[in-house]
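Colleague: my questions concern the predicted model and sequence given below.
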Protein chains: 2
Amino acid sequence: MDKNLKKRETMHRLCATGLEVFHEKGYYNTSLDDILKELSLSKGAFYHHFKSKEDYFISIIQNLVVQKVYALLVEPLNTHENPLPVILDTLEQALEPGKQNEMVYGFMLNDFLTEFNKRNAEISSYLKDIIKVWEVNLVSVLKKGKVDGHIARHVDCEGVASYIIASYLGMRTLLSENNNRQLKYNYIQQMKLYFNAIVEKRVEA
Amino acid sequence: MDKNLKKRETMHRLCATGLEVFHEKGYYNTSLDDILKELSLSKGAFYHHFKSKEDYFISIIQNLVVQKVYALLVEPLNTHENPLPVILDTLEQALEPGKQNEMVYGFMLNDFLTEFNKRNAEISSYLKDIIKVWEVNLVSVLKKGKVDGHIARHVDCEGVASYIIASYLGMRTLLSENNNRQLKYNYIQQMKLYFNAIVEKRVEA
DNA sequence: AGACAAACCGACCCCCCGGTCGGTTTAAGT
DNA sequence: ACTTAAACCGACCGGGGGGTCGGTTTGTCT
């Protein structure tokens, strides 16, 4: 097989499995051997591709986590419809438990954020960046919604965006404790109530 | 000094400092020596009082964390007023950064929940119990609010309660990344908007 | 075919950390 | 004063995990 391809494939396998295991058991609670055993790879192979466990995890964040957050939570926002239902959809999608064995990558942000907070500043900052991107995109789509007459003019878009993020992260904590469809349904319902409080009312008057 | 008193004092010092350090650095990332050094105590002293690190942490939860959550988030709910502003107050209090060196115990639930989730079932269950107590009390006070005509009849109290908890936990993640008064203020404002959507409107009509 | 380097192997190092244990200090009871 | 046990000490053990390194295999280029 092509050497270059081989390298990329191995690195990709390492990252994909690493993300799964880190998310499952936590970064500090996962040893490299845990991951290596699962892939039948050796320490030597690992350190040939990555210079440290930390470097490895940063790769995972930048290659996989960023990508998944974009796909699940950012790109779907780019429509020209009323943003509120669209946001609701992305949240619902991102809280959906994985179909069969597929992982739910949107789920993991909260876990990693809390695990690295105050313990590894560098990794924390990469994670914060992801949240920031999400936030910025939420704000921009909310502001457009205001211009388009879907959202009331008095609404503080930054406030709404961080509130959405907070409720999502927190719901993720609750759901991972107790993966409960009822809980998720309730969350979406309450989110709808909240959104009702910020829509532009003049249309229906 | 009285032997019995000495024992209680040492155990209390261990628990108090342990809570601080565990919260600061995380349970798995804190060694017993970290705590012992801070108190100038020995391994022997520690294992005279606790049978393991896990047992120790459970003591901390049951003595200190439970107590603080009660004091901050549960007991203040027992008034006869409109529950919504009262809940808002407790949330605001619980998000308040510590005055001087005093710790903010309400802050730590989210961190511990995520750290132990799927990694230590026993400790997880103790933490979940605390959340459950909070939830039950929220539901009960919301239902009373319905009876007293402060909350609209169509409202799903369980849904509201878990939504409040989720948003609180998530906001805690965001705040610990970036302790920002503006963020906290925004959260309270959005919470008010949300509460407006569930109040009983007939009074003002 | 031979050379060369990338990919990989796995034994090993070393430190950290939870837990142990025999010994010492301290205080209460008689 | 003597005994007894609780409180405490700190050296030590053993396993785990991040990281190293000399060596082996595998693919590529000439």
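Modeller: Received, thanks.

Colleague: which parts of stretch A:156-165 are buried?
Modeller: A:Asp156, A:Cys157, A:Glu158, A:Gly159, A:Val160, A:Ala161, A:Ser162, A:Tyr163, A:Ile164, A:Ile165 (16 or more other C-beta atoms under 10 Å in any protein chain shown). Backbone N, C-alpha and C define where each C-beta goes, glycine included.

Colleague: same deal with stretch A:64-79?
Modeller: Counting neighbours by 16+ other C-beta under 10 Å, the buried set in stretch A:64-79 is A:Leu64, A:Val65, A:Val66, A:Lys68, A:Val69, A:Leu72, A:Leu73, A:Val74, A:Pro76, A:Leu77.

Colleague: can you give me the end-to-end distance of that stretch?
Modeller: 24 Å (C-alpha to C-alpha, to the nearest Å).

Colleague: what's the neighbour count on the residue of chain A found nearest DNA strand C?
Modeller: Of all residues in chain A, A:Gly44 sits closest to DNA strand C, at 1.8 Å by C-beta to the nearest atom of the strand. By the measure other C-beta atoms under 10 Å in any protein chain shown, the count of residues near A:Gly44 is 8.

Colleague: can you say which helix or strand has it in it?
Modeller: Per DSSP states H and E, A:Gly44 falls inside helix A:43-49.

Colleague: the residue of chain A found nearest chain B: what's it in contact with?
Modeller: Distances between chain A and chain B by C-beta to the nearest C-beta are smallest at A:Gly170, namely 3.1 Å. Neighbouring residues of A:Gly170 by C-beta atoms under 8 Å, 6 or more residues apart in numbering or on different chains: A:Asn110, B:Asn110, B:Ile165, B:Ala166, B:Ser167, B:Tyr168, B:Leu169, B:Gly170, B:Met171, B:Arg172, B:Thr173.

Colleague: hmm, back to that, ok, and of the buried residues of stretch A:156-165, which contact chain B?
Modeller: A:Asp156, A:Glu158, A:Gly159, A:Val160, A:Ser162, A:Tyr163, A:Ile165 (C-beta under 8 Å from any C-beta of the partner chain).

Colleague: ok so, going back, what helix or strand is the closest residue to the residue of chain A closest to chain B other than its chain neighbours located in?
Modeller: Spatial nearest neighbour of A:Gly170, excluding adjacent residues (C-beta to C-beta, 6 or more residues apart in numbering or on different chains): B:Gly170 at 3.1 Å. Using DSSP H and E, the element containing B:Gly170 is helix B:157-177.

Colleague: ok, residues contacting the following helix or strand past that helix?
Modeller: Sequence-wise, the next helix or strand downstream of helix B:157-177 (DSSP H and E) is helix B:181-196. Residues from elsewhere that reach helix B:181-196, judged by C-beta under 8 Å, 6+ apart: A:156, A:158-160, A:162-163, A:166, A:190, A:193-194, A:197-198, B:84, B:88, B:91-92, B:95, B:163-164, B:167, B:171, B:174-175.

Colleague: and if you look at stretch A:146-158?
Modeller: A:82-84, A:139, A:142-143, A:145, A:198-203, B:186, B:189-190.

Colleague: buried residues of it, list them for me.
Modeller: Buried residues in stretch A:146-158 (16+ other C-beta under 10 Å): A:Lys146, A:His150, A:Ile151, A:Val155, A:Asp156, A:Cys157, A:Glu158.

Colleague: now the end-to-end length of that stretch.
Modeller: 13 Å.

Colleague: what of stretch A:141-152?
Modeller: End to end - C-alpha to C-alpha - stretch A:141-152 spans 14 Å.

Colleague: next one: it to chain centre, how far?
Modeller: Relative to the centre of its chain, stretch A:141-152 is centred 24 Å away, using C-alpha atoms, centre = their mean, to the nearest Å.

Colleague: what is the mean pLDDT for it?
Modeller: Mean per-residue pLDDT for stretch A:141-152: 96.

Colleague: same question for stretch A:165-177.
Modeller: Stretch A:165-177 comes out at a mean pLDDT of 91.

Colleague: CA atoms of it as CSV?
Modeller: Provided in CSV are the C-alpha atoms of stretch A:165-177 (Å, rounded to 0.1, in the frame of the first residue of the first chain):
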residue,chain,number,x,y,z
ILE,A,165,-25.7,27.1,24.6
ALA,A,166,-25.9,26.9,28.4
SER,A,167,-29.2,25.0,28.3
TYR,A,168,-27.8,22.7,25.7
LEU,A,169,-24.6,21.9,27.7
GLY,A,170,-26.6,21.4,30.9
MET,A,171,-29.1,19.2,29.2
ARG,A,172,-26.3,17.2,27.9
THR,A,173,-25.1,16.6,31.5
LEU,A,174,-28.5,15.5,32.5
LEU,A,175,-29.0,13.3,29.5
SER,A,176,-25.7,11.5,29.9
GLU,A,177,-26.6,10.7,33.5
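
Colleague: is the helix ranked longest in chain A up against DNA strand D anywhere?
Modeller: Ranked by residue count under DSSP state H, the longest helix found in chain A is helix A:121-147. No: applying C-beta under 7 Å from any atom of the strand, one finds helix A:121-147 separated from DNA strand D by no less than 12.8 Å.

Colleague: list the buried residues in that helix.
Modeller: For helix A:121-147, by 16+ other C-beta under 10 Å, it's A:123-124, A:126-128, A:130-131, A:134-135, A:137-139, A:141-146.

Colleague: pull the distance from that helix to the chain's centre.
Modeller: That offset, for helix A:121-147, works out to 11 Å (C-alpha atoms, centre = their mean).

Colleague: stretch A:26-33 now?
Modeller: 20 Å.

Colleague: give the contact list for the residue nearest to A:Asn178 when sequence neighbours are not counted.
Modeller: Excluding its sequence neighbours, the residue lying closest to A:Asn178 (C-beta to C-beta, 6+ apart) is B:Lys128, at 7.2 Å. The neighbourhood of B:Lys128, defined by C-beta under 8 Å, 6+ apart, consists of A:Glu177, A:Asn178, B:Leu113.
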